[in-house]
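J.: A predicted structure for the sequence below; I have some questions about it.
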Amino acid sequence: MHTAIEPFNNDKPSKASHYDRYIQEAERHFVPLNVMLELTHRCHLNCVHCYLEDNHEWRAKAQELTAEEFCQVIDQLVDAGCLFLTLSGGEIFLRDDTLVIARYARSKGLALRLYTSGTLMTPTLVEEITQLHPLSVEFSIYSADNPDLHDSIIQIPGSHQKTLEAIRILSRTDIPVVIKTPLMREVFSEYPKILELAKELGVFYKLDPTVSPKNDGDLSPCHLRLTQDQLLAMYADPNLPSAPEIQALSEGKIPHKSEDEVCDLGKTACAISPLGDVYPTLGFPWSAGNVRETLFREIWENSPLFKRLREVQVKDLSDCSGCEKFSYCDRCCMWALMDEGDFFGGSLWACEIASAKEKAAGLPSDPTPFQLKSRDDNSIQRTQFTTKDHLVMPQKLPVKRVAS
């Protein structure tokens, strides 16, 4: 049976394995180990927190990469050193050639992850997925035993039953199954029961308290984020993988970040959209290039965007470089960019997470300099971006903040 919760180990092994050393070398040389292929943005569901603004744009089907084109991209990814490939959507099984692409990826030796809602699963599809021997098949679920609540998030009646049935069927195979819960305030109380469900089924479980703005910059999904009290309760839970970090923080064992340890954007992972655009990560507002026009390796190695991202250091972060909470705030450049409008700036969401961690560890929690700065500025501005120095510089525009 599979471990119910993803393992979390805060202890460093005394001797690195061959795999660890390979990963370290790959990171040092910027090898694209992990790539996500978005096969389609089309989706028959209507999740309230979805970051895709075009998930019901069915006309885009004609513009999506064909199976042949995706297979050519896979060849290029293998040539560039990719090891792990994730097929995502939209709903990947709305394409009738998803398995063709998946089989080709496996034939090239790639470790494969599949992201799906499970609502289109059939016995035949289960058998075909089993033959792929994927690294994992991953589903999102919002309640273990409250179909109405889950369906209110998906906004399609009957979706909970279909997803749960797919999870149960696949859990009886040798396929590693992962159930994921994007934690939002309306479903927060459900996660302990989902955790119990994972244990019952012998599957992996992930939770993520991050809800992102839409690709087009629409901040409306952010009002679904956890409250400060809910964040505190989550980090105070000793049954979650974050518990060792909180324990270490309570003991004064604050981790150290090196000058170049800002984020992993553009270093060992990227995403490729259904139309062939290459992004440092999902939701990034600028493409580094398009595989229909340029070979992947050329984009990965020589794109001005990727090159600039790899140069970013802590000292470049105007609001965060001197903050005493920086080592454990989980700041993400994408949060700063999409929430606040400045890739190099602060993130109020990261500040809230840091505060919750401190309180869970029994430590005092004072506002960060960025929080104080934001409170003092009643006309907080959001950025419209233009390219300068291959990254973004702000042109101020008013933004309406989402109340917590």
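T.: All right, it came through fine. Only a predicted model underlies this, so the values are computations on that prediction, with no experimental measurement involved.
J.: contacts, neighbours, all on C-alpha from now
T.: OK.
J.: now do the strands in the stretch 301-404 of the chain.
T.: 381-388, 391-398 (DSSP state E, counting those that start in this stretch).
J.: what's the average pLDDT for the last one?
T.: If I follow you right, that is strand 391-398. Mean per-residue pLDDT for strand 391-398: 37.
J.: low-confidence stretches in the stretch 1-150 of the chain?
T.: 1-15, 54-55 (pLDDT under 70).
J.: show me what contacts residue 267?
T.: 27, 30, 31, 32, 306, 310 (C-alpha atoms under 8 Å, 6 or more residues apart in numbering).
J.: now do 7 Å
T.: Residues in contact with residue 267, defined by C-alpha atoms under 7 Å, 6 or more residues apart in numbering, are 27, 30, 310.
J.: isn't the first one up against residue 268?
T.: Yes: the pair residue 27 and residue 268 qualifies as a contact (C-alpha atoms under 7 Å) at a distance of 6.1 Å.
J.: neighbour count winner among those two?
T.: When residue 27 and residue 268 are compared for neighbours, residue 268 comes out ahead with 21 against 16, by other C-alpha atoms under 10 Å.
J.: phi and psi next, for the more buried one.
T.: Residue 268 adopts backbone torsions of phi -130, psi 10, taken as degrees, to the nearest 10.
J.: show me what contacts it?
T.: Counted by C-alpha under 7 Å, 6+ apart, residue 268 has contacts 27, 30, 31, 32, 33, 34.
J.: nearest residue to the fourth one other than its sequence neighbours?
T.: Okay, so that is residue 32. residue 268 (4.3 Å; C-alpha to C-alpha, 6 or more residues apart in numbering).
J.: what about that neighbour, distance to residue 168?
T.: 33 Å (C-alpha to C-alpha, to the nearest Å).
J.: check residue 191 too.
T.: With C-alpha to C-alpha as the criterion, residue 191 and residue 168 are 18 Å apart.
J.: the two: who's more crowded?
T.: residue 191 (22 against 15).
J.: show me the contacts for that one.
T.: With C-alpha under 7 Å, 6+ apart, residue 191 has no contacts at all.
J.: ramachandran angles for it?
T.: According to degrees, to the nearest 10, residue 191 has phi -60, psi -30.
J.: one more: residue 182?
T.: According to degrees, to the nearest 10, residue 182 has phi -70, psi 110.
J.: residues near the residue nearest to it when sequence neighbours are not counted, how many?
T.: Distances taken as C-alpha to C-alpha, 6+ apart place residue 208 nearest to residue 182, at 4.9 Å, with adjacent residues excluded. As a burial measure, residue 208 scores 10 neighbours (other C-alpha under 10 Å).
J.: mind checking the SS state of the residue nearest the centre of the chain?
T.: In the chain, the residue lying closest to the centroid (C-alpha atoms, centre = their mean) is residue 282, at 7.3 Å. Counting by DSSP: H, G, I helix; E, B strand; the rest coil, the backbone at residue 282 sits in coil.
J.: quick one, what contacts it?
T.: Residue 282 neighbours (C-alpha under 7 Å, 6+ apart): residue 271.
J.: so how far is residue 182 from it?
T.: 15 Å.
J.: what does residue 291 give?
T.: 31 Å.
J.: of those two, who's got more company?
T.: Ranked by neighbour count (other C-alpha under 10 Å), residue 291 and residue 182 place residue 291 first, with 23 against 19.
J.: can you pull the buried residues of stretch 220-240?
T.: 220-226, 230-236, 240 (16 or more other C-alpha atoms under 10 Å).
J.: what stretches of the stretch 151-300 of the chain score poorly on pLDDT?
T.: Ranges of the stretch 151-300 of the chain meeting pLDDT under 70: 257-260.
J.: at 90 what do you get?
T.: 208, 210, 212-220, 253-266, 282-286 (pLDDT under 90).
J.: all helices for it, in order.
T.: 159-171, 191-201, 228-235, 243-250, 296-302 (DSSP state H, counting those that start in this stretch).
J.: out of those helices, nearest to residue 129?
T.: helix 159-171 (9.2 Å; C-alpha to C-alpha).
J.: now the angle from the closest one to helix 191-201?
T.: Per axes from the mean of the first three to the mean of the last three C-alpha atoms, to 10 degrees, the angle that helix 159-171 makes with helix 191-201 is 30 degrees.
J.: can I get helix 159-171 as CSV, trimmed to CA atoms?
T.: The C-alpha trace of helix 159-171 is given here as CSV (Å, rounded to 0.1, in the frame of the first residue of the first chain):
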residue,chain,number,x,y,z
SER,A,159,-18.7,15.4,-9.9
HIS,A,160,-17.8,14.2,-6.4
GLN,A,161,-19.2,10.8,-6.9
LYS,A,162,-17.3,10.4,-10.2
THR,A,163,-14.0,11.6,-8.9
LEU,A,164,-14.2,9.5,-5.7
GLU,A,165,-15.1,6.4,-7.7
ALA,A,166,-12.1,7.0,-10.0
ILE,A,167,-9.8,7.3,-7.0
ARG,A,168,-11.2,4.1,-5.4
ILE,A,169,-10.8,2.1,-8.6
LEU,A,170,-7.2,3.3,-9.3
SER,A,171,-6.3,2.8,-5.6
